[in-house]
Structures are given as C-alpha cells and as structure tokens.
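1. Here is a sequence with its predicted model. Questions after.
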Amino acid sequence: MLKGKDLLSIHDLSVEEVNEILALAHELKAKQKAGIEHHLLKGKTLGMIFEKSSTRTRVSFQTGMYQLGGQALFLSNRDLQIGRGEPIKDTARVLSRYVDGIMIRTFEHEKVEELAEWSDVPVINALTDLLHPCQVLTDLLTIQEYKGKQLKGLKMAYVGDGNNMTNSYMYGCAKAGIDFVAATPKGYEPDMQVFENACKDAEETGASIKLVNDPFEAAKGADIVVTDTWASMGQEAEHDMRKKIFAPYQVNAQLLAEADKRVIVMHCLPAYRGEEITEEILEAYADVIFDEAENRLHTQKAIMALTMG
C-alpha cells in the first residue's frame, strides 16, 4: 500500500498502513537478530538531507539501508546547493534522478512538504519542528514489545513541552487506538490544528485525545509515560527560563506513583537527567528506553522497504 508514497505525517497514513509498518518492523528485527539477510532494497540509494544534526537518525537510517542491501548518502547544507540558496523544488527534481528515496531532517515542516511535492521518489520526514513520525512509529513498535500487539485501550501520558513529539504522539495514538493525554504548562500546548486532526482520526479507532495542564492528572492510571527534552534544538537560549517553567513536569517517582503498577517509561533521547526525567527513573526503565532507541533502526527499515521497494 505504501510503495512509492511519501511519509511526512502519521496523519496521512491509514490504520492499515500503520499496522503494515509495525508488522514488517517486527519481522525485520527478528531477521536481523537471527542473522538472516533481508536485502529488500538491493542496489537502491537513499539521499539523507540533514539540516538538523542527530546521532540516532543518521546512524539508524544509514545502517538500515546497508542492512537492506542498499546505500545511503549523507548530505548536509555544506554538501548541497540548498545551503547556497538553490530552491527546494530544484534540489528535489535533481535528487529524484539520482536516488530512490530522500530522507530529510530539518526545521520548517513546509520545507518537507515542498520537497515531497517536487520529488519523483518517496520522501521520508525524519523530523521537523512540527512532527517526528518515525520516532512515534518506533515507539508504537516498542510498546507492542512490552504491552502486546493489541494497543487499543492502553493509556499514554505525555508530560512536558507540547512539541513535535507531542504532535506526532497525538496522531500515532489516534491511529493505534491508544488513549492519549498530554500535560503541558499553559502556553506550551501542542499544535491545535494537529489536535483537531488527531481527534478526528481517533474516531475510527475509538481512542481519546486530551490536553491538560496537570501532570498528575495525565499520569493517573497510565500504561505508558513519555517525556522529551524541555528545550528542543534551536531553543537553547530559552533553556534557563524553560527549566523554571517545566520543573513541575518532571518524570519522577512521585509522578509515576499515579500510573499503573506495570507502567513503562519512554524517552526518545537525548535525555537530560535531573530535568525532564530523574536519573533514578531513567535507569529504572533503561531497558525500555534503549530498546526504543534501537527500534528506530527496525522501524525505519520497514518504512524504507515499504515506500522504496
């Protein structure tokens, strides 16, 4: 169903397509662990455009293409004429004649949409300031590993800044049937258009999408508690101010006392211990968090195989 399609937002995917990605990710992870070759993209090339740097994104996509039998090209602003003012539409049309897929990690979501509009090959959104779909699909895979493949009826609590992760969690939970509650300080809520879209998406699966300001209300009875850094890339100048505002939104033992006894804690990393999460809680749930980090590899392999295959 996904062959030749872009993956810019989980909102654009059907419930069936989300399940297709997760099913293939499980299969590819099992094959990789068993040492079984799975060269589904043999001879194909992925162009990776990085305007925002990342440890996990670069290594997982590059390794993933290698394991799928293809190759990946790292392209920074210094490697592309975008950095010297070439229009996105021209870059898209040129790269489409060289590579079989384009991955981009950048700031403005509109840039990814324009790239996809002009590209003749699939475009994968590896992060924008608005959305981070690959990470949330990865998190759904991880939740399945710890909570079972039937996700409907679980409750996820997100505590922290209403950023690109919150936006994508709303879309991901809506498609998966997970009840989602985000607790953010006033003035730091997620994107309202995304919230409205996610509420409509949730009608199909029966999930609920809610926004609150009280972190303890959000965490009550939660099966999954997630958080993210309080100051995203590009917000470093706000760090000290944000530390004061977000202090009540730390994931700590007191907060988790409100959650289900079998709760799992997730964090997309990098984590700032003592800020959004305590050292104690991060290490207590390190197995989950680092499985989550590893699963970027397997989920993105599934996305590439399905869109570029």
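-> Alright, I've got the coordinates.

2. Tell me the predicted confidence for Asp287.
-> Asp287 carries a pLDDT value of 98.

3. Also Gly234?
-> 73.

4. Now for the closest residue to it other than its chain neighbours: which residues touch it?
-> Nearest-residue entry for Gly234: Phe107, 6.8 Å, with adjacent residues in sequence omitted and distances by CB to CB, 6 or more residues apart in numbering. Using the backbone N, CA and C atoms, a C-beta is placed for each residue, glycine as well. Neighbour list for Phe107: Glu51, Lys52, Thr128, Asp129, Gly234 [criterion: CB atoms under 8 Å, 6 or more residues apart in numbering].

5. which of the residues in stretch 60-68 are buried?
-> Ser60, Phe61, Gln62, Thr63, Gly64, Met65, Gln67, Leu68 (16 or more other CB atoms under 10 Å).

6. For Arg262, give its distance to Asp191.
-> 31 Å (CB to CB, to the nearest Å).

7. In terms of neighbours, single out the busier of these two.
-> Neighbour totals were compared for Arg262 and Asp191, and Asp191 leads with 19 against 8 (other CB atoms under 10 Å).

8. Tyr158 reaches Ala222, doesn't it?
-> No - in this structure Tyr158 lies outside contact range of Ala222 using CB atoms under 8 Å: 9.5 Å.

9. which neighbours do the two share?
-> Joint contacts of Tyr158 and Ala222 (CB under 8 Å, 6+ apart) are Val181.

10. before we move on, the earlier item: dihedrals phi and psi, the residue nearest to Gly234?
-> Dihedral pair for Phe107: phi -90, psi -70, per degrees, to the nearest 10.

11. next one: the one 5 residues further on
-> Recorded main-chain torsions at Val112 are phi -70, psi -40, according to degrees, to the nearest 10.

12. which residue sits closest to it, ignoring its sequence neighbours?
-> According to CB to CB, 6+ apart, the nearest residue to Val112 is Asn125 (5.0 Å).

13. so what's the one you found bridging to?
-> Under DSSP bridges, the beta-bridge partners of Asn125 are Ile104.

14. What score does the spatially most central residue of the chain have for pLDDT?
-> In the chain, the centroid-proximal residue (CA atoms, centre = their mean) is Gln135; its distance is 2.0 Å. Looking at Gln135, its pLDDT reads 98.

15. Compare Tyr158 and Ala222 (neighbour count), which wins?
-> Using other CB under 10 Å, the more surrounded residue of Tyr158 and Ala222 is Tyr158, with 30 against 25.

16. OK, contacts around the more buried one?
-> Counting by CB under 8 Å, 6+ apart, Tyr158 touches Met165, Thr166, Tyr169, Phe180, Val181, Ala182, Ala183, Ala218, Val225, Val226, Thr227.

17. Would you check that Val265 makes contact with Leu256?
-> Yes - counting by CB under 8 Å, Val265 does reach Leu256; the two are 7.2 Å apart.

18. list residues touching both of the two?
-> Joint contacts of Val265 and Leu256 (CB under 8 Å, 6+ apart) are Val225, Ile281.

19. tell me which strands and helices the strand or helix carrying Thr166 is in contact with?
-> Thr166 is part of helix 164-176 when elements are defined by DSSP states H and E. The contact analysis (3 or more CB pairs under 8 Å, 6 or more residues apart in numbering; DSSP states H and E) places helix 164-176 against helix 15-34, helix 133-147, strand 155-159, strand 179-183, helix 192-205, strand 209-212.

20. tell me the average confidence for that helix?
-> 98.

21. by how many degrees do that helix and helix 15-34 diverge?
-> 110 degrees (axes from the mean of the first three to the mean of the last three CA atoms, to 10 degrees).

22. any low-confidence regions in this structure?
-> In the predicted model, the chain carries pLDDT under 70 at residues 83, 233.

23. contacting residues for the residue of it positioned farthest from its centre?
-> Going by CA atoms, centre = their mean, the residue of the chain most distant from its centre is Arg84, 29.2 Å out. If you count contacts by CB under 8 Å, 6+ apart, Arg84 has none.
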